[in-house]
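What follows is a predicted protein model with its sequence.
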Amino acid sequence: MPRTAQHRHTSSFAEHHRKPLVRDNDSIMQGNPNSNWVNYKGAWLTTIIIIVLARALFGVVPGISSELAWTLTNLSFNTVTFFMFHWMIGTPFDFNQGACDGMTLWEQIDNEVQFTPAKKFYTALPIVLFLVSTHYTHYDASTFLLNVLVLMIVLIGKLPEMHRVRILGINSQQQ
């Protein structure tokens, strides 16, 4: 049976449900320099190297055990990425006539499309770091609770249901 134009298949779920950031605006064709870096060659490797360097830095501080070093690595990485991806809004570049002014970096990534490779990577990374830090803390209850609490806060902000949602009006722009 021959395929018609109506039955065109694509390899990505995100392509079917692509929602443009700005409709009928040439500024989106430029790309968003604030969020495009997550797709640059080497960005993911650089993120992993930063985690390894943070762990090494915490590991050489006198008085910090290996268990505490992993917990501090997890907490610091998740805290920094939470503020970077989910707290700061807008863009430092004036390239799109204010189209991204009310959006977080997470919402700007890949033109608001959910479940792209970059978003999957930056969602999986805190989970993997949580599992590693939990393993190296020997499943201690207090550090597990702290690590899982921080993980949940970071992951809630990444959920598609939280797209453009501001809890209790925190971090919302006044119109």
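It's in.

Hmm, Tyr136 and Ser66 touching each other?
Yes: counting by Cβ atoms under 8 Å, Ser66 touches Tyr136, with 6.4 Å between them. Quick note: C-beta positions are derived from backbone N, CA and C, even for glycine.

more crowded one of those two?
Tyr136 (18 against 13; other Cβ atoms under 10 Å).

and stretch 133-150, which residues are buried?
Ser133, Thr134, Tyr136, Thr137, Thr143, Phe144, Leu146, Asn147, Val150 (16 or more other Cβ atoms under 10 Å).

For the fifth one, give me its contacts.
Residues in contact with Thr143 (Cβ atoms under 8 Å, 6 or more residues apart in numbering) are Glu67, Thr71, Ser133, Thr134, Thr137.

Let's have these in JSON lines, adding distance to Phe85 and secondary structure.
Listed next are those as JSON lines, based on distance: Cβ to Cβ, whole Å; DSSP: H, G, I helix; E, B strand; the rest coil:
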{"residue": "Glu67", "distance to Phe85": "27", "secondary structure": "helix"}
{"residue": "Thr71", "distance to Phe85": "21", "secondary structure": "helix"}
{"residue": "Ser133", "distance to Phe85": "19", "secondary structure": "helix"}
{"residue": "Thr134", "distance to Phe85": "22", "secondary structure": "helix"}
{"residue": "Thr137", "distance to Phe85": "25", "secondary structure": "coil"}
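
For the most centrally placed residue in the chain, pull up the helix or strand it's in.
Against the mean C-alpha coordinate of the chain, by Cα atoms, centre = their mean, the closest residue is Tyr122 at 4.6 Å. Assigned by DSSP states H and E, Tyr122 belongs to helix 117-136.

And the next helix or strand past that helix?
Following helix 117-136 toward the C-terminus (DSSP H and E): helix 141-158.

in the chain, what spans have low per-residue confidence?
Along the chain, segments meeting pLDDT under 70 span 1-31, 92-100, 167-175.

Would you agree Phe77 is in contact with Leu129?
Yes: shown here, Phe77 and Leu129 form a contact pair, counting by Cβ under 8 Å, at 6.1 Å.

joint contacts of the two?
Going by Cβ under 8 Å, 6+ apart, residues that sit against Phe77 and also against Leu129 are Ile51.

Go through the buried residues of stretch 133-150 and say which is closest to Phe115.
Val150 (23.1 Å; Cβ to Cβ).

what sits against the residue lying closest to the closest one once chain neighbours are set aside?
Once flanking residues are discounted, Val150 sits nearest to Asn78: 4.7 Å by Cβ to Cβ, 6 or more residues apart in numbering. With contacts defined as Cβ under 8 Å, 6+ apart, Asn78 is in contact with Pro126, Leu129, Val150, Leu151, Ile153, Val154.

at 7 Å instead, please
Contact partners of Asn78, counting by Cβ atoms under 7 Å, 6 or more residues apart in numbering, are Pro126, Val150, Leu151, Val154.
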